[in-house]
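1. Okay, here's the prediction I keep looking at, along with the sequence it came from:
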Amino acid sequence: MNRRLRLNYKEAMEFIDSMPVFTPAAVVNGTAAFDLVAMGNLLKELGNPQKKLKFVHIAGTNGKGSTAAFTASILAASGYTTGLFTSPHIERFSERVRVLVKNDKKSAEAESDALLSSQKNGVLVNNEKKVEAHVIKDKKEKGSSSAEAQKIDYVSITTDNLKTIEATEEELAEEITAAYEASERMKAKGLRAPSEFELMTAVGFLHFVKKNCDIVVLEVGLGGRLDATNIIDTPELAIITTISYDHMEILGETLPAIAGEKAGIIKNNSIVLTYPADEEVNEVFRKKCTDTFSLHFIAPKIDQNRVDRSIEGQEFEIPEFKDEQGVIKLDFDFGKLKTVMLGTYQVNNAATAAYAAALLKKFRGYDKITKETIAEGIASTRWPARFEILRKNPYLIIDGGHNLEGARVLKESFDKYFPGKKITFVTGVLADKQYTHMLSQLLPIAKRFYTIAPPSPRALSAEDLAKYINVRSHEPIAEPYGEKYEEAVKAAIGNAEEGDVICAQGSLYFVGIVREMLTH
């Protein structure tokens, strides 16, 4: 009788790191086409956990992570145990797999306690301003440092409304072990092995079933049509956020082509909510919804001139909206909504999530959703590295925008929050991104650049980026720091004058490093 394998967390992470991220090895070497067959085989080996779950499925170029966070918070505030699957992570791998519950002693204490009962060396995040790190001290081994003798028990960011509980190391190790064994069985049968993202999507499904989630907010990893998350059946709701240029080598060179890949998440008889877009993009969604007998709603865009904003948050109202054909009116009084999330784009993401909640109530029977729980969920949402202020005097803001649209809304946000102010950027880009177009947005508001090379084999060197900036600006305003991220940030802070604003911007992996450096 074969003994069952049991990976510890370190071994599980080593296994994950050894896998191709999105594209399986067999596809890279040309021996297999890219499809969802391997994902289907993996889930079959695991007993098809996704069949036991309900989903809100979210695709889009930008804004899908924030929209997922707002949507999950609203559902949890309404009393639904809500799974949240996102990628990539900012600081901890466990951020990708979370469960949100309402922090209400009368209605959710037992449910929350049950979720926490297995919490060992995991992370509890309770969306609020106060951050507490709780550590447990292990017995100090010979030769180990005091830092090595401490492990994080949980990190608590306290709020009165929600508890967000990340998967523990033990839970991830157990679930990755199950997926690893399933992958090995597939290979023994001559089937193509899964990629890292396919395997982690399956791990998320296993975790959410174990936690008895009422619904899961599922963020697409890349594209939509052939993304591992698209293995699910018709979701409760499909959301598509902004469409812009990114990953064109995979998704296509035009906006309609990119939209077509995103529209792949629309299945028969879906309820579909899309972000306002150009007519050529809307036509792609319109046709897909017609072909799949789906209802199509377009979320109205919030008038930025009517938003009451400060560096403490934003307050806005949602206009009335109808389905794309103008037939079905959604009678829902949202009232005034407040969010502590900054950035002009976040009011649109929050509004999209509010519309999504109203659609779930009207068409899918989520009757616990109310005007009050929508407001509570939006007010409770925290999502790091999106126009996030980490310190003041000087202001230091981090933002993960890494494409042309991300740079455009970042500039728009600085124009609204710091009008007329020149910004010091600590930034790096990938060589295969439209970085010249991105910089055309940032250069007009830039005071200085400290350039770095992001942690990626596709990174443009800090020296080449600085050279390009200095040529475009006709003066030496950029200084390269290579992979010395901490030195670049310290230089930006050290050289700042009174009233200066610094922005660490670029890939989520880079701003995650900056965030960890400044918050820990």
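-> Nice, thanks for sending it over.
2. now the strands for the stretch 351-500 of the chain?
-> Secondary structure of the stretch 351-500 of the chain by DSSP state E, counting those that start in this stretch: the strands cover 388-391, 395-399, 423-427, 446-451, 478-480.
3. closest one to Leu273 among those?
-> strand 395-399 (25.0 Å; C-beta to C-beta). For the C-beta atoms, the positions are set from N, CA and C on the backbone; glycine is no exception.
4. Direction included, what does that closest one pair up with?
-> Neighbouring strands of strand 395-399 in its sheet, by DSSP bridges, are strand 388-391 (antiparallel), strand 501-505 (parallel).
5. Quick one: residues in contact with it.
-> With C-beta atoms under 8 Å, 6 or more residues apart in numbering as the test, strand 395-399 has contacts from 343, 384-390, 406, 410, 418, 489, 492-493, 500-505, 511, 514-515, 518.
6. any idea where the helices of the stretch 401-520 of the chain begin and end?
-> For the stretch 401-520 of the chain, applying DSSP state H, counting those that start in this stretch gives helices covering 404-417, 435-442, 462-473, 485-494, 508-519.
7. Need these in TSV (columns: mean neighbour count, mean pLDDT and distance to Leu46).
-> Shown next, in TSV, are the helices of the stretch 401-520 of the chain (neighbours: other C-beta atoms under 10 Å; pLDDT from 0 to 100; distance: least, C-beta to C-beta, whole Å):
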stretch	mean neighbour count	mean pLDDT	distance to Leu46
helix 404-417	21	95	35
helix 435-442	18	94	40
helix 462-473	17	97	43
helix 485-494	17	97	38
helix 508-519	19	89	28
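8. quick one: which of those is nearest Ala350?
-> Here helix 404-417 is closest among these (C-beta to C-beta), at 14.1 Å.
9. For stretch 480-490, measure first residue to last.
-> The separation between the terminal residues of stretch 480-490, taken as C-alpha to C-alpha, to the nearest Å, is 13 Å.
10. which other residues reach that stretch?
-> By C-beta under 8 Å, 6+ apart, the surrounding residues in contact with stretch 480-490 are 396, 426, 450-453, 455, 461-463, 465-466, 491, 502, 504, 510, 513-514, 517-518.
11. Stretch 426-440 now?
-> Contacts with stretch 426-440, where a contact means C-beta under 8 Å, 6+ apart, come from 245-246, 249, 402-404, 406-407, 442, 449-454, 456, 458-460, 462, 465, 468-469, 472, 488-489, 492, 502-507, 510, 514.
12. Ok, stretch 469-476 next?
-> The contact list for stretch 469-476 (C-beta under 8 Å, 6+ apart) reads Leu439, Leu443, Ala446, Phe449, Thr451, Ile477, Ala478.
13. And for stretch 175-188?
-> Residues outside stretch 175-188 that contact it (C-beta under 8 Å, 6+ apart) are 4-7, 12, 15-16, 38, 41-42, 45-46, 167, 192-194, 199, 202-203, 206-207, 210.
14. What of stretch 360-379?
-> The contact list for stretch 360-379 (C-beta under 8 Å, 6+ apart) reads 56, 70, 73-80, 161-162, 215, 236-237, 271, 295, 330, 332-335, 337-340, 350, 353-354, 357-358.
15. pretty sure Glu315 is touching Leu337, no?
-> Yes. Using C-beta atoms under 8 Å, Glu315 is in contact with Leu337, at 7.1 Å.
16. Which one of those two is surrounded by more residues?
-> Leu337 (22 against 14; other C-beta atoms under 10 Å).
17. any idea how far Ala356 is from the residue found closest to that one once you drop the neighbours it is linked to in the chain?
-> Using C-beta to C-beta, 6 or more residues apart in numbering and skipping residues adjacent in sequence, the residue nearest Leu337 is Ile378, 5.2 Å away. Using C-beta to C-beta, to the nearest Å, we find Ile378 at a distance of 11 Å from Ala356.
18. Mutual contacts of these two, please.
-> Between them, Ile378 and Ala356 share these contacting residues under C-beta under 8 Å, 6+ apart: Ile74.
19. Any regions of the stretch 351-500 of the chain where pLDDT drops low?
-> Along the stretch 351-500 of the chain, the model assigns pLDDT under 70 to no residue.
20. repeat that for 80
-> Low-confidence regions of the stretch 351-500 of the chain, defined by pLDDT under 80, span residues 433.
21. can you tell me the helix or strand for Ala178?
-> If you go by DSSP states H and E, Ala178 is part of helix 169-188.
22. Please tell me how far Phe15 sits from Leu36.
-> Phe15 sits at a distance of 22 Å from Leu36 (criterion: C-beta to C-beta).
23. Tell me the secondary structure at the residue most central in space within the chain.
-> With distances taken as C-alpha atoms, centre = their mean, Gly65 lies nearest the centre of the chain, 3.0 Å away. Reduced to three states with DSSP: H, G, I helix; E, B strand; the rest coil, the structure at Gly65 is helix.
24. what's around the closest residue to it other than its chain neighbours, how many residues?
-> Leaving aside its chain neighbours, Gly65 sits nearest to Thr86 (5.3 Å; criterion: C-beta to C-beta, 6+ apart). Counted with other C-beta under 10 Å, the neighbours of Thr86 add up to 24.
25. do the same with Asp333
-> By the measure other C-beta under 10 Å, the count of residues near Asp333 is 8.
26. Glu170 versus that one, what's the distance?
-> Noted for Asp333: a distance of 45 Å to Glu170, by C-beta to C-beta.
27. how far does stretch 397-409 sit from the chain's center?
-> Relative to the centre of its chain, stretch 397-409 is centred 14 Å away, using C-alpha atoms, centre = their mean, to the nearest Å.
28. do the same with stretch 440-452
-> 25 Å.
29. How about stretch 426-446?
-> On the basis of C-alpha atoms, centre = their mean, stretch 426-446 is displaced by 21 Å from the centre of the chain it belongs to.
30. hang on, the earlier thing: of the contacts of stretch 175-188, keep whichever come out buried.
-> Buried members of those, counted by 16 or more other C-beta atoms under 10 Å: 7, 12, 15-16, 38, 41-42, 45-46, 167, 192-194, 199, 202-203, 206-207.
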